[in-house]
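Trainee: let me see the structure of the following:
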Amino acid sequence: MSAAQFPVKCVTCGKVINPYWNNYKTRTDAGETPIKVLDSLKIGRMCCRRMFMCHVDIEHYQLLYPVYKDNIQRTEQTVNKKPHNFGQVSDDEE
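Mentor: Sure, this is the predicted structure:
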């Protein structure tokens, strides 16, 4: 199991919670209740508990959508364009 999609920190209090994700996920998948697992991991703040209990793992959904090379090339072309200089007069307009 990967903790790549789980947030590193709680968005409310800033506590680092990512290291606990794999343990939480394996234990809840084995049938333990989330409340008991979070209590044993000593995750007591409601904001941090919310991060675990409300997280939706989307990794398997991402695998359903293929990556197309032409989309990647178009994105690279868009990113590499020079930005427009707003408010500056070009040589053609003088």
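Trainee: helices along the protein, start to end?
Mentor: Assigned by DSSP state H, the helices in the chain fall at 21-29, 34-40, 46-53, 59-62, 69-80.
Trainee: got JSON lines for those helices, with mean neighbour count and mean pLDDT too?
Mentor: For glycine as for every other residue, the C-beta is placed from the backbone atoms N, C-alpha and C. Below are these laid out as JSON lines (neighbours: other CB atoms under 10 Å; pLDDT from 0 to 100):
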{"stretch": "helix 21-29", "mean neighbour count": "16", "mean pLDDT": "94"}
{"stretch": "helix 34-40", "mean neighbour count": "14", "mean pLDDT": "96"}
{"stretch": "helix 46-53", "mean neighbour count": "17", "mean pLDDT": "95"}
{"stretch": "helix 59-62", "mean neighbour count": "9", "mean pLDDT": "76"}
{"stretch": "helix 69-80", "mean neighbour count": "9", "mean pLDDT": "60"}
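Trainee: go through those and name the closest to K9.
Mentor: helix 46-53 (8.8 Å; CB to CB).
Trainee: got the angle for the closest one vs helix 21-29?
Mentor: When axes from the mean of the first three to the mean of the last three CA atoms, to 10 degrees is applied, the directions of helix 46-53 and helix 21-29 differ by 70 degrees.
Trainee: which strands and helices sit next to helix 46-53?
Mentor: Using 3 or more CB pairs under 8 Å, 6 or more residues apart in numbering; DSSP states H and E, the elements in contact with helix 46-53 are helix 34-40.
Trainee: circling back to that earlier point, quick one: which of the helices of the chain is nearest F6?
Mentor: Taking the helices of the chain one by one with CB to CB, helix 21-29 is closest: 4.4 Å.
Trainee: now do stretch 34-45: distance from first to last residue.
Mentor: End-to-end distance of stretch 34-45: 14 Å, with CA to CA, to the nearest Å as the criterion.
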